[in-house]
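Peer 1: predicted structure and sequence below. I'll ask about it afterward.
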Amino acid sequence: MNSALFHSVLRERFGFDSFRPGQLLALEKLFESSRLLCIQPTGHGKSLLYQLPACILPGIVLVISPLLALMRDQVDQLSKRFGISAGSINSDQSEEENTIVRTAAMAGELRLLFLSPEQLDQLDRFEFLLTLPLSLIVIDEAHCVSTWGHDFRPAYRQILQLVKAAEQKMPDLKILGLTATAADPVEKDILKQLFSPERPGSVLRESMDRPNLSLSVISARGSASKLLLAEQIVNGCDGVGLIYCATRENTETVARYLQKKGINAIAYHAGLDSEEKKRIQQAFIADDFTVIAATNALGMGIDKPNIRYVLHFDIPGSITAYYQEVGRAGRDGLSARGILLYDIQDRHVQEYFIHSAVPDAEDFDKVLEMGDSPTLAVIKQTTGLHPTRVNVVVAELVEQGFFAKERLKGKQVYRKTEKEGKPDLSSYDAQRKVKLRELNHMLQYAKEPHACRMSFLRKALGDDTAPACGHCDLCRPSNAPQLIQSEIDSTDRWLLENPIPIPAARMVGLSEGISLLDSKQRSPLFVRFMKTRQEALGADPELLEILRPHLKKGFFKAIVPLPSTTWKGRDALAKAIGDFLEVPVLTDLLAWKEPHEQRQGTLLNNDQRKLNVHKKMEAAHTPPEGPILLLDDYTGSGATLKEAARALRTAGGKELILIPLAIATVKWRLGHIGFI
């Protein structure tokens, strides 16, 4: 296919007079060889490499991407801006929305179909895709396919199965892998898995240089210092920015702190409901926020060229992840900044992620000992393993033939096959070592002296022609921001006293509430409360002093403490709150109708905690009308609060307004007893 057709479609459908560097060559290689791995930095316009073919090829172009934000952005843009019919199937949409898209695809009404990899784990979705007239399969973030870099997302294995099955049915099928980062080992692994000697593919690699991006690292010690530095950086930068955080909790803390300082900030993470994520994304595109504090659920694929800075509040787990994320800045080619706040303690969070994801032989034995044909939820509840480990173990057992996926009574189950022996686990020790090596490489970027930061990143990603950039903090040293100890102390105090929101999106049946103390801060008050909560003491005066400013007088109609056999100070604190609010305390309204088998803190994961309390609570009488304050000592998974809401709504109707107040928030060690 000649370039004249590509130029014609580019002008007539997309309204552009010329291609960006590398785009035309990539299109020519794709149509010549039908197999292409394209490695280009963020901002080079990789999405055109499948959008334009969708206007030329017959049938449907299937784009498999982990980036739900990209799907929303592109589906909207393709239909409104370019008149190309597109749809997506993903977990952010309702089943009804996904069904509408499937129907449109089967009717031949779509040119582009976006799909999240996790959808391929479902037998019905996998089989449905094989009924479509696919002309091109696009694997976005193709580095995730690699054994070296799939970040333990087992769904990526299903991509390879889909490609193999689709090639058998559609011999003319084209395959396109896209990524901004792939060092040589990752590139070789992608080629080995996606392509074959019989159907080899081409590789197109562009320079990893981002000449408009100025990189820097700032040392910090503790969350208070980081928050103060984030405030300085946001106030010192023009335009909108992104602050990447390693955890959902940190996104919310950063956003609340910046809001307190008068900055128009908001948090974004996968725990928000679908509509809220859509609203925030659209507002971000429209520059309605100065900055968004986000996990990597946002930004990796959003078509927003004018992000002027990307600040990493926490260190990411690899050079690959960092380059991908910092590459969101300055896609318009104008000057932009990439700043990393480095605290040596940050490595522990990433090490936790790595060890949580990599299973061991004992984990496989637990799953293999399950009864016949369990669902994924039953496996999680029974084994108590970290949910990520369960996903990895089950995917491995399916791939090695010890389990077979089947549909039973409308549910997907995993039937144990007759295969004997033990699964081969040799790759997992290697994966753990690779991930730890990648983390150490990222730490080297942050803490060790180099000639140039951009050169370090480029060489780490296989771009050997990487001279000094001339404008990073190593090429052009400058004075680091200075913090005042009194401000650090004040921010530390804010962290200790600032309540943590309990979002309604996570608590079905509950309105948004708050938790007063955070286990991660380990404040003296938190330690004292957790140690003395099982003693028959009166209400802690310091606790009440911190709590009162967050209690709205004249709003609540009653206080309902959750039943507890271990919180001996419950009634005293509930009475003190009731006296302050001048409302009754309904101590005996909620009760356990049957004792739950174990204490929540002794269980191993949130699936077990949910099952442990499900339908075990009841209301003694109809609750009063009007807002009710639900009081609990601490919350982790939220299962007990949700069960209390279910019991009250069963007795009083769905219109009840239930607002949770927990004295503390804990983060459970999934797969192990206790909290972090």
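Peer 2: Okay, I see it. Numbers count the residues shown, from 1 in each chain.

Peer 1: which positions in stretch 364-373 come out as buried?
Peer 2: Applying a neighbour-count criterion of 16 or more other CB atoms under 10 Å, the buried positions in stretch 364-373 are F364, K366, V367, M370, S373. For glycine as for every other residue, the C-beta is placed from the backbone atoms N, C-alpha and C.

Peer 1: and the contacts of stretch 600-620?
Peer 2: 377, 380-381, 383-387, 563, 588-598, 636-637, 639-640, 642-644, 646-648, 650-652, 668, 670-675 (CB atoms under 8 Å, 6 or more residues apart in numbering).

Peer 1: actually stretch 4-17, not the one I typed
Peer 2: Under the criterion CB under 8 Å, 6+ apart, residues 18-19, 24, 27-28, 48, 51-52, 55-56, 82-84 lie in contact with stretch 4-17.

Peer 1: and with 6 Å instead?
Peer 2: Residues outside stretch 4-17 that contact it (CB atoms under 6 Å, 6 or more residues apart in numbering): L27, L52, C55, F82.

Peer 1: out of those, grab the one that's most surrounded.
Peer 2: In terms of neighbour count, L27 stands highest of the contacts of stretch 4-17 at 26 neighbours, by other CB atoms under 10 Å.

Peer 1: the spatially closest residue to that one that is not a sequence neighbour and I344, how far apart?
Peer 2: Nearest non-adjacent residue to L27, counting by CB to CB, 6 or more residues apart in numbering: F6, 5.4 Å away. Between F6 and I344 the distance is 50 Å, computed by CB to CB, to the nearest Å.

Peer 1: give me the more crowded residue out of the two.
Peer 2: Higher neighbour count among F6 and I344: F6, with 21 against 13, using other CB under 10 Å.

Peer 1: keeping just the C-alphas, turn stretch 648-662 into CSV.
Peer 2: The C-alpha trace of stretch 648-662 is given here as CSV (Å, rounded to 0.1, in the frame of the first residue of the first chain):
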residue,chain,number,x,y,z
LEU,A,648,-30.1,-0.8,59.1
ARG,A,649,-31.5,-0.4,55.6
THR,A,650,-33.2,-3.8,55.9
ALA,A,651,-35.0,-2.5,59.0
GLY,A,652,-35.5,1.1,58.0
GLY,A,653,-35.6,1.3,54.2
LYS,A,654,-33.3,2.4,51.4
GLU,A,655,-33.7,6.2,52.1
LEU,A,656,-31.7,6.2,55.3
ILE,A,657,-28.7,8.6,55.4
LEU,A,658,-25.9,6.7,57.1
ILE,A,659,-22.6,8.6,57.7
PRO,A,660,-19.6,6.5,59.0
LEU,A,661,-17.2,7.8,61.6
ALA,A,662,-14.3,5.5,62.4
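
Peer 1: flag every buried residue along it.
Peer 2: Counting neighbours by 16+ other CB under 10 Å, stretch 648-662 gives L648, R649, A651, G652, L656, L658, I659, P660, L661, A662 as buried.

Peer 1: can you check stretch 515-531 too?
Peer 2: Across stretch 515-531, burial judged by 16+ other CB under 10 Å covers S515, L516, L517, D518, S519, K520, Q521, S523, L525, F526, F529, M530.

Peer 1: out of the residues you listed, which is nearest to I307?
Peer 2: K520 (28.6 Å; CB to CB).

Peer 1: got a list of what the closest one touches?
Peer 2: Going by CB under 6 Å, 6+ apart, K520 touches no other residue.

Peer 1: for it, give its distance to H348.
Peer 2: For K520, the distance to H348 - CB to CB - is 12 Å.

Peer 1: ditto for G601
Peer 2: G601 is 22 Å from H348, by CB to CB.

Peer 1: same check, this time on K610
Peer 2: 28 Å.

Peer 1: also I628?
Peer 2: 39 Å.

Peer 1: who has more neighbours out of these two?
Peer 2: I628 (25 against 10).

Peer 1: so what's the more buried one bridging to?
Peer 2: Under the criterion DSSP bridges, I628 forms beta bridges with A558, L658.

Peer 1: flag the shaky bits of the stretch 201-350 of the chain, pLDDT-wise.
Peer 2: 299-303 (pLDDT under 70).

Peer 1: the chain too?
Peer 2: In the chain, residues with pLDDT under 70: 1, 69, 147-153, 299-303, 505.

Peer 1: the stretch 501-650 of the chain: helices as residue ranges?
Peer 2: 524-532, 541-547, 570-581, 606-613, 639-652 (DSSP state H, counting those that start in this stretch).

Peer 1: those helices: which one's closest to H143?
Peer 2: With CB to CB as the criterion, H143 lies closest to helix 606-613 of those, at 29.9 Å.

Peer 1: and that closest one, how far out from the chain middle?
Peer 2: Distance of helix 606-613 from its chain centroid, counting by CA atoms, centre = their mean, to the nearest Å, is 22 Å.

Peer 1: next, the angle from that helix to helix 639-652.
Peer 2: Put simply, helix 606-613 runs at 40 degrees to helix 639-652, going by axes from the mean of the first three to the mean of the last three CA atoms, to 10 degrees.

Peer 1: buried set for helix 606-613?
Peer 2: For helix 606-613, by 16+ other CB under 10 Å, it's N606, D607, Q608, R609, K610, L611, N612, V613.

Peer 1: how many neighbours does E535 have?
Peer 2: With other CB under 10 Å as criterion, E535 counts 9.

Peer 1: check K29 too.
Peer 2: 20.

Peer 1: kindly provide the distance from it to T465.
Peer 2: From K29 across to T465, the span is 21 Å (CB to CB).

Peer 1: where do the strands sit along the stretch 51-200 of the chain?
Peer 2: Under the criterion DSSP state E, counting those that start in this stretch, strands of the stretch 51-200 of the chain are mapped to 60-64, 86-89, 112-115, 134-139, 174-179.

Peer 1: please spell out which residues along the helix with the most length in the chain are buried.
Peer 2: In terms of residue count, the longest helix belonging to the chain (DSSP state H) is helix 426-447. Residues Y428, Q431, R432, V434, K435, L436, E438, L439, M442, L443, Y445, A446 are the ones in helix 426-447 that count as buried (16+ other CB under 10 Å).

Peer 1: the third one: what's it in contact with?
Peer 2: Put plainly, it is R432. R432 touches V358, counting by CB under 6 Å, 6+ apart.

Peer 1: do you know how far it is from G22?
Peer 2: Distance, R432 to G22, using CB to CB: 36 Å.

Peer 1: H44 now?
Peer 2: Applying CB to CB to H44 and G22 gives a distance of 6 Å.

Peer 1: before we move on, back to that, can you put the contacts of stretch 4-17 in TSV and add distance to P305?
Peer 2: Listed next are the contacts of stretch 4-17 as TSV, based on distance: CB to CB, whole Å:
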residue	distance to P305
L27	22
L52	19
C55	23
F82	17
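
Peer 1: where's A230 relative to A104, distance?
Peer 2: For A230, the distance to A104 - CB to CB - is 44 Å.

Peer 1: and these two? Which one has more around it.
Peer 2: The residue with more neighbours, out of A230 and A104, is A230; 25 against 15, by other CB under 10 Å.

Peer 1: tell me the phi and psi of the more buried one?
Peer 2: A230 has phi and psi values of phi -60, psi -40 when expressed as degrees, to the nearest 10.

Peer 1: any figure for the gap between it and I263?
Peer 2: As judged by CB to CB, A230 and I263 stand 9 Å apart.

Peer 1: and for L62?
Peer 2: Taking CB to CB, one finds L62 at 41 Å from I263.
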